[in-house]
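> Take a look and give me a structure for this.
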Amino acid sequence: MIKRLVLQTVVWLAAMGALLFGAAGSFAWPAAWWYLIELGALSLWIGLWLARHDPGLLAERLAPFVQAQQSRWDRFFMIGVALVWCAWLIAMGFDAMRFQWSAPLPVWLVSLGSLCVFLSLFMCRFVFEANSYAAPVVKIQASRGHKVIDTGPYAHIRHPMYCAALLLLVGTPLLLGSWWGLAFVPVMVFGIGWRAVREERVLAEQLEGYSEYMARVRYRFVPLIW
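Numbering: from 1, shown residues only. Modelled structure (predicted):
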């Protein structure tokens, strides 16, 4: 499984690099190199930890993002996410490097972007520790004894993984130096919020105790806000 983890990570990073540098028209983009290195190193760190502590969850994380068991609407959502993510990377390459539509971001904002990316993946590590059922697709994992998780970060918000994703969405354009990339973040956040609501409907209908959990933990992403 570790070989598969390394292979998928390398392929994923290579594809992202091709989109970023292809759109930029140059490999002389230090921010993009650092972004890929940061993502790759943190992803491998989490993956190797999972291989040792929760290989079942690692197998779920490495599975295809379109699966027969998941809800039909979620299949279309995940395909849409993949397309939007690719278009977003291309747009930021055009913006930050090829055409330089955005004025250069100050160093402190670029550094903040790198910190957000780090915190996003660091938070995922604690999410995975608390929730062995944190698959990337919406489905009930009956064969793995799927149950409601209400410990760790789940004691405070219902979707800590999505909370971590918000940091990644903000941090990516800041690190890459693209104001246009940042401008599209609210649309992507809306998409995540829409999915969270649909996911909760599935869990409330099919997972015993989830409705009671929703009543206990009021907030989805950010305490006291939503």
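> Burial check on Leu182, number of neighbours?
22 (other CB atoms under 10 Å). Every residue, glycine included, has its C-beta placed from N, CA and C.
> Please put the alpha-carbon coordinates of the helix or strand where Leu36 lies into CSV.
Using DSSP states H and E, Leu36 sits in helix 30-53. Below are the C-alpha coordinates for helix 30-53, written out as CSV (Å, rounded to 0.1, in the frame of the first residue of the first chain):
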residue,chain,number,x,y,z
PRO,A,30,9.6,29.4,-7.0
ALA,A,31,6.2,29.7,-5.3
ALA,A,32,4.7,26.9,-7.3
TRP,A,33,7.7,24.7,-6.6
TRP,A,34,7.4,25.3,-2.9
TYR,A,35,3.6,24.7,-3.0
LEU,A,36,4.2,21.3,-4.6
ILE,A,37,7.0,20.4,-2.2
GLU,A,38,4.9,21.4,0.8
LEU,A,39,1.8,19.5,-0.4
GLY,A,40,3.9,16.4,-1.3
ALA,A,41,5.8,16.2,1.9
LEU,A,42,2.8,16.7,4.1
SER,A,43,0.7,14.3,2.1
LEU,A,44,3.3,11.6,2.4
TRP,A,45,3.7,12.3,6.1
ILE,A,46,0.0,11.8,6.7
GLY,A,47,-0.1,8.8,4.4
LEU,A,48,2.8,7.0,6.1
TRP,A,49,1.2,7.7,9.4
LEU,A,50,-2.1,6.1,8.2
ALA,A,51,-0.3,3.1,6.8
ARG,A,52,1.0,2.4,10.3
HIS,A,53,-2.0,3.4,12.4
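> which residues are contacting that helix?
1-2, 5-6, 9, 12-13, 16-17, 20-21, 24, 57-58, 61, 93, 96, 110, 114, 117-118, 121-122, 124-125, 128-129, 172, 175-177 (CB atoms under 8 Å, 6 or more residues apart in numbering).
> Tell me which helix or strand comes right after that helix.
With DSSP H and E, the next secondary element past helix 30-53 is helix 55-62.
> which residues in the protein form helices?
2-24, 30-53, 55-62, 72-93, 107-130, 160-176, 179-183, 185-206, 210-216 (DSSP state H).
> just to revisit the earlier point, and the contacts of helix 30-53, which are buried?
Buried positions within these, assessed by neighbour count (16 or more other CB atoms under 10 Å), are 5, 9, 13, 16-17, 20-21, 24, 57-58, 61, 93, 96, 110, 114, 117-118, 121, 124, 128-129, 172, 175-177.
> on that earlier part again, which of the helices of the chain sits closest to Ile149?
Ranking the helices of the chain by proximity to Ile149 (CB to CB) places helix 107-130 first, at 6.0 Å.
> Output the below-cut-off pLDDT ranges for the chain.
Along the chain, no part satisfies pLDDT under 70.
> any idea which residue sits dead centre in it?
Nearest to the mean C-alpha position of the chain, by CA atoms, centre = their mean, lies Ala165 at 4.5 Å.
> Just give the nearest non-adjacent residue to that one, would you?
Nearest residue to Ala165, sequence neighbours excluded (CB to CB, 6 or more residues apart in numbering): Ile192, at 6.1 Å.
> repeat for Leu5
Leu5's closest residue in space is Gly47 (CB to CB, 6+ apart), at 4.4 Å.
> Also Gln8?
Leu62 (6.0 Å).
> Tyr213 too?
Val148 (4.9 Å).
> what's the neighbour count on the one you found?
17.
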